[in-house]
Structures are given as C-alpha cells and as structure tokens.
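K.L.:
fold the following, please.
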Amino acid sequence: MRIEQNDPRTPIRIGSRGSQLALWQANHILDALRAAGHHAELEIIRTTGDRMQGSPASLLVGAEQPGFVAPPNLDGKGIFIKEIEEALEEGRIDLAVHSLKDLPTKLAPQFALAAIPKRADARDVWVCEQYWALHTLPTGGSIGTTSPRRRAQILSLRPDVTFIEIRGNIDTRLKKLADGKCDALVLAAAGLDRLERTESVHYRFPPEEICPAPGQGALALETRSCSHPIDEARDTYVRNAIAFLEHPHTRFAVEAERTTLDALGGGCSLPIGAHCIPPATEAGKWRMLAQVVSPDGEAMIQIDTEATYSTTPEALGRWVAADLISKGGLELLPAPVA
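P.N.:
Numbering: from 1, shown residues only. Below is the predicted model:
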C-alpha cells in the first residue's frame, strides 16, 4: 500500500537553532513549504555553540552573553550544527536550515546540501549613528567584532582602530553599541536586512574593499544524502519538496567560494574573504574576488578574476586558491592551532 508522504500527521520536520536570526531563516523556509502545499513544522535544537554563549532564551531577548571561546579541539563552524546534524542523522528531523557560512567546507557523507536558495546581500555593513563611515571614525575609535577576517580587513584600511569583543545575537550587539560599549559595529548585511534592523546602516562595503566570508548571505538546506537514507521514500519526498528553492547561480557562487576556503585551510577563524558574482547573462562571465590578509592587516593579497560561463565552481575555486598560494597567501595566515 502506498503511503502518502504529504500528510498533516507526518509533516516535514525542520530543525533550527533558537537564535532570532536562525528562527527567521527557518520560518522563511517553513512558510515557503507551506505555501507550496506541504505540511511542515519547526523544531528548535540547542547546539553546543548556543550552550557556550548562553541559553536560547537569553539569545532571543538580547541579554548579555559571556565571552565565547571555542575549545581548541572543536571546529568553530561545527559547534553551531553538531546537534542539528545528529537529529537529522537519527531521523528526528527531516531538514536542517543553516546559515551556509556556519557549515564546514566538507560535509560528512551522510548529509547533503539538497537546496541553496537565492542569496541575500553578501556584503558587510558599517553600523554607527555618530560616524557614518569607517574613514570618519576618530583615531583609536573602537569597533565591535569578533571576526578575525573583519579585524584583519579593517586594520588594512585603518591600522589605528581598536576592537571590542562583541558577541551574541544581532539585538544584543546593537544594544551594546547603543550603550556605548563600542563606537561602531561591522556586521553581515543579510542578517540585518532579514530582521529589518538596518536603521543605523550607513555604508555597505563593496567586496573590493572588504571581501565577505565564503557563503555569507546564503542559506543551506541540509538533508540526509541519497546514500544514507532512513526512509528512502520519505527522504526522496523531502528532497523533491525543497527542490523549488534551489537557486543555481547562488549554488555555483558559494561552491566556488567554499572550494577556495577549503584549499586554503577551511577554517572560519582564517582572515580569508571570497566572493563570486554571477554573470548578468549566459554570454557573461563569473567574477571572483578573494582576499587573504595578515592578522595585523599589514599585508594583503587580493585577486579579482573572471571565468567563462561554462567553468565549474570547483575549477574556479581551485584556480583562485592556487593563485593566492602562488602569491604567498599561505604565509600570511596564522599557524594552525595544534
């Protein structure tokens, strides 16, 4: 007897972190699936990263967060997905929604990126009401960020600035800025845009100036892979249900960026930016920008190249990484932690 997969009694179970932005992203996919006629529900999963920063409730209300320090033997990316992937592997959820830049460059074989929706604005933004651009910040001014990439890139433009450890969700960071804990913030445009918190955004850095993190602004819809199904018919149904959310140009771009990052070491703590821009037409070319910056901002290697429409993302990413390496990019990166 054929079992009907699109049944309100067995909805597609979507797993997500409980942060404000993660819930926006998961509900965005939930609403899209329901609008397409699928039954779906959301399950909030607390991750290692959430426990290290504070409780999910405190993340939502913007309470103060303790300093976040990942153990040296724990992947900085994996701490925000470990428990979600465990739920996926065990069949407690059918679909995981992530910020793509939280994922390691290589997934375990039991998982697959079944769909990558159209990307939001991948750029970083300057958030400050008093000083409307980085160059107007007074000498020695403070910027709230914990990102090694952003620190290095900003230091290459303004070696005089100081940095304040600002962690937590977007509202937490904006509150700390309003409370005078720092003079300005540099954040991802996509999160602020999605949460409609752009009132203090006065500048969006072009990728030639501050190159975004690989995958920034994109979502990842992760399922069990075809080779590791729990229920083959159901897993196939889930993959087919989300197929309409796939955006081929975004898929190409982020795969090229992630290939470059992987070839250079693959860690989220590396001061590496990579951003691929789709062609306007099939006759056009893919444009790829990448930066490797020394942690003190004193040295930078930057690439701006083009590739034909028929190029594969892996080939483009490997070529960009090889070019960066040939120019001394690996020498600028901090030594890996033993």
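K.L.:
which stretches of this structure form helices?
P.N.:
20-35, 48-53, 56-61, 82-90, 148-157, 170-178, 189-194, 232-242, 248-264, 313-326, 329-332 (DSSP state H).
K.L.:
pLDDT of the last one, averaged?
P.N.:
Per-residue confidence for helix 329-332 averages out to 95 on the pLDDT scale.
K.L.:
so what touches that helix?
P.N.:
L264, G265, P271, V292, V293, S294, A299, M300, I301 (Cβ atoms under 8 Å, 6 or more residues apart in numbering). For glycine as for every other residue, the C-beta is placed from the backbone atoms N, C-alpha and C.
K.L.:
then the fourth one?
P.N.:
Helix 82-90 has contacts (Cβ under 8 Å, 6+ apart) with 15-17, 43, 45-48, 93-96, 98, 108, 110-111, 222-224, 228.
K.L.:
which of these count as buried?
P.N.:
Among the contacts of helix 82-90, the ones that count as buried by 16 or more other Cβ atoms under 10 Å are 15-17, 45, 47-48, 93-96, 98, 111, 222-224.
K.L.:
so L155 makes contact with R149?
P.N.:
No. Using Cβ atoms under 8 Å, L155 makes no contact with R149, being 11.0 Å away.
K.L.:
minimum pLDDT in the buried ones among the contacts of helix 82-90, which residue is that?
P.N.:
Among the buried ones among the contacts of helix 82-90, T48 carries the lowest pLDDT, at 76.
K.L.:
dump the residue contacts of that residue.
P.N.:
By Cβ under 8 Å, 6+ apart, the contact set of T48 is L74, G78, I79, F80, K82, E83.
K.L.:
pLDDT weak spots in the stretch 1-150 of the chain?
P.N.:
For the stretch 1-150 of the chain, residues meeting the criterion pLDDT under 70 lie at 1-4, 51, 53-77.
K.L.:
again with the stretch 201-338 of the chain
P.N.:
Those would be 268, 336-338, if you go by pLDDT under 70 across the stretch 201-338 of the chain.
K.L.:
got the buried residues for stretch 275-286?
P.N.:
Neighbour-count burial for stretch 275-286 [16+ other Cβ under 10 Å]: H275, C276, I277, P278, P279, K285, W286.
K.L.:
and A40, bridged to which residues?
P.N.:
Taking DSSP bridges as the rule, A40 bridges to I12.
K.L.:
who's more crowded, L155 and R149?
P.N.:
Higher neighbour count among L155 and R149: R149, with 25 against 21, using other Cβ atoms under 10 Å.
K.L.:
mind listing what's buried in stretch 168-176?
P.N.:
G168, N169, I170, D171, T172, R173, L174, K176.
K.L.:
got the contact list for the nearest residue to A263 once chain neighbours are set aside?
P.N.:
Among residues not flanking A263 along the chain, A321 sits closest, at 3.4 Å (Cβ to Cβ, 6 or more residues apart in numbering). A321 makes contact with T259, T260, D262, A263, L264, according to Cβ under 8 Å, 6+ apart.
K.L.:
quick one: which of those residues is nearest to G317?
P.N.:
T259 (2.6 Å; Cβ to Cβ).
K.L.:
enumerate every residue touching the nearest residue to the closest one once chain neighbours are set aside.
P.N.:
In this structure, T259 finds its nearest non-sequential neighbour in G317, 2.6 Å apart by Cβ to Cβ, 6+ apart. Counting by Cβ under 8 Å, 6+ apart, G317 touches E255, A256, E257, R258, T259, T260, D262, A263, A274.
K.L.:
how about 7 Å then?
P.N.:
Counting by Cβ atoms under 7 Å, 6 or more residues apart in numbering, G317 touches E255, A256, E257, T259, T260, A263.
K.L.:
the second one reaches M288, doesn't it?
P.N.:
Yes. With contacts counted by Cβ atoms under 7 Å, A256 reaches M288, the gap being 6.2 Å.
K.L.:
where do the contact lists of those two overlap?
P.N.:
Listed contacts common to A256 and M288 are C276, L316; contacts here mean Cβ under 7 Å, 6+ apart.
K.L.:
could you dump the helices of the chain to a markdown table with distance to P8?
P.N.:
Listed next are the helices of the chain as a markdown table, based on distance: least, Cβ to Cβ, whole Å:
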| stretch | distance to P8 |
| --- | --- |
| helix 20-35 | 11 |
| helix 48-53 | 30 |
| helix 56-61 | 27 |
| helix 82-90 | 21 |
| helix 148-157 | 44 |
| helix 170-178 | 34 |
| helix 189-194 | 28 |
| helix 232-242 | 14 |
| helix 248-264 | 31 |
| helix 313-326 | 38 |
| helix 329-332 | 53 |
